[in-house]
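pasting a predicted model and its sequence here:
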Amino acid sequence: MKAVILAGGLGTRISEESQWKPKPMIEIGGKPILWHIMKEYSHYGINEFVICAGYKQHVIKEWIANYFLYNSDVTFDFTNGANEMTVRRHYCEPWKVTVADTGLNTMTGGRIKRIQPYVENETFMMTYGDGVCDVDIKALLEFHQEHGKTATLTTVMLEQQKGVLDIEGDTVKSFREKNLSDGVPINAGYMVLNPEIFDYIEGDQTVFEKEPLERLAKNGELMSFQHRGFWQCMDNKREMEELEKLWVKGKAPWKKWDV
């Protein structure tokens, strides 16, 4: 199974960092938040990724291309008039990563639509490249497989608002954009999507959180996996600093891996 990660937006609300790099490459504990998300999935045995890149995508591609080198001890020997490189100690992730150019101004639904050739007719995971969570991904997948609907999204209860959900039991009855007066479950990402999801997306200008999810909810094809644990997005510098503090203190709830 593949995990699709949306990593192409401009990150304007954290422009102090994103003017130099795409938001998923902003570091927590010296590693891009993208790395943290990939490690979460890898902990559950999901090691194939499709990254929907756009803004400053070269930064993501260069990081992936050089990942092995960055995580190795290397001796560079110029004494013989050549550049001889010997890898001394290394740690290699069991990852297969496709970084797809999904356009600079493409909306979230359009980015998902563009990577259809890479997931083909398989069920896949999908999340946003700017948030971490300690959700049980194995239980999430089992829940999705049991109910047989097109889409499952993870929901959390927070005062700050993202996409607002009206949930009856485990079924999402309606989906709408945030309203400041709301205090209800929100969309935390960490979705499981059947390939039929592509039929709900028209093209580059489709915002996934609007018409596709609204139609899924109306058709009874959108289910909620309710998560009562930790979730935090990184929309601004304050949230970045909060995640950094948790990591430095060794209290990052999303870190379930050993190395």
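Perfect, thanks for sending it.

list the buried ones in stretch 14-29?
Of the residues in stretch 14-29, 14, 17-18, 21-28 count as buried by neighbour count, 16 or more other Cβ atoms under 10 Å. In short, each C-beta sits where N, CA and C put it, glycine included.

nearest to Lys96, of these?
Distance to Lys96 across those (Cβ to Cβ) is lowest for Pro24, with 18.1 Å.

can you pull out the low-pLDDT segments for the stretch 1-150 of the chain?
Residues of the stretch 1-150 of the chain that meet the criterion pLDDT under 70 lie in 11-13, 15-18.

all strands of it, in order?
Taking DSSP state E, counting those that start in this stretch as the criterion, the stretch 1-150 of the chain carries its strands at 2-7, 27-28, 31-32, 48-53, 72-77, 84-90, 96-101, 124-128, 131-133.

number of residues surrounding Arg238?
Arg238 has 9 neighbours, counted by other Cβ atoms under 10 Å.

check Trp247 too.
A count of neighbours around Trp247, defined by other Cβ under 10 Å, yields 19.

just the helices in the stretch 101-250 of the chain please.
Listed in chain order, the helices of the stretch 101-250 of the chain (DSSP state H, counting those that start in this stretch) span residues 108-114, 116-119, 137-147, 211-218, 237-248.

residues making contact with the last one?
This points to helix 237-248. Helix 237-248 is touched from outside by 14, 16-17, 26, 28-29, 33, 132, 232-234, 252-253, 255, with contacts defined as Cβ atoms under 8 Å, 6 or more residues apart in numbering.

and what of stretch 205-215?
Applying Cβ under 8 Å, 6+ apart, the contact partners of stretch 205-215 are 106-110, 112-113, 151, 153, 162-163, 174-177, 187, 197, 200-202, 222.

let's see 10 Å
When contacts are defined by Cβ atoms under 10 Å, 6 or more residues apart in numbering, stretch 205-215 is touched by residues 6, 105-113, 126, 150-151, 153, 162-163, 165, 172, 174-178, 187, 191, 193, 197-202, 221-222.

coming back round to it: among the strands of the stretch 1-150 of the chain, which comes closest to Glu142?
For Glu142, the closest of these is strand 124-128, at 13.0 Å, according to Cβ to Cβ.
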